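*Asks:* model the following, please.
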Amino acid sequence: MSTNMQEITAQPYHGIFLNDGRKFSNWGSSHSTQPAVYVEPFSYADVQAIVLDMKQFPTPVRPVGSMLSVTETIVNDGGTLLCTRKLDAILGLETDDQGRHVVRVQAGCRLKKLSLWLQQQGWEIPFQAEIGEATVG
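*Replies:* Have a look, this model is predicted:
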């Protein structure tokens, strides 16, 4: 029996890696989780390596930001909790096809950082969360 599927080789991962069984809670401690693995990747290549390596990073892989949500978004018992805090770059301001101004950021960009950067550009977002450490993604 022949197959045309390519074997996916594991890519190196760079970032924080914890698999010590610790629990994580959201802001206010209304929800907690005990993932098999907690990671904070440094780059998009690291995110790709995580998603492709199901042995070292068990599924499901759930992305989280600063864990400030009051919802169950952080709950991922037995899976991989992927924190985007290290992916916090502001990529730039551009105009889309409809003439709207769009700011491009990585998912871990904090609202305070974004607001300060936009202020330097002469712009502001129409809504500002009270918690500046909340992430965009």
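*Asks:* low-confidence stretches in this protein?
*Replies:* 1-10, 127-132 (pLDDT under 70).
*Asks:* for it, which segments count as helices?
*Replies:* Per DSSP state H, the chain carries helices over the ranges 44-52, 111-121.
*Asks:* any idea how far the nearest residue to residue 23 once chain neighbours are set aside is from residue 16?
*Replies:* If the residues on either side of it in the chain are set aside, residue 23 comes closest to residue 34, at 4.8 Å by Cβ to Cβ, 6 or more residues apart in numbering. Placement of C-beta: from N, CA and C, glycine included. According to Cβ to Cβ, to the nearest Å, residue 34 and residue 16 sit 17 Å apart.
*Asks:* so what's the spatially most central residue of the chain up against?
*Replies:* Residue closest to the average C-alpha location in the chain (Cα atoms, centre = their mean): residue 84, at 2.7 Å. Counting by Cβ atoms under 8 Å, 6 or more residues apart in numbering, residue 84 touches 40-41, 63-65, 106-108, 135, 137.
*Asks:* tell me the one of those residues nearest residue 123?
*Replies:* Residue 123 lies nearest to residue 106 out of the contacts of residue 84, by Cβ to Cβ, at 18.3 Å.
*Asks:* give me the number of residues near the closest one?
*Replies:* 17 (other Cβ atoms under 10 Å).
*Asks:* please apply the same query to residue 123.
*Replies:* By other Cβ under 10 Å, neighbour count at residue 123 equals 12.
*Asks:* does it really touch residue 101, like I thought?
*Replies:* Yes: counting by Cβ atoms under 8 Å, residue 123 touches residue 101, with 6.8 Å between them.
*Asks:* report the set of residues contacting both of these two.
*Replies:* residue 93.
*Asks:* could you pull out the strands in the protein for me?
*Replies:* Secondary structure of the chain (DSSP state E): strands at 15-18, 24-25, 32-33, 37-41, 61-64, 80-83, 90-95, 101-105.
*Asks:* closest one to residue 116 among those?
*Replies:* Nearest to residue 116, of those and by Cβ to Cβ, is strand 90-95 at 9.8 Å.
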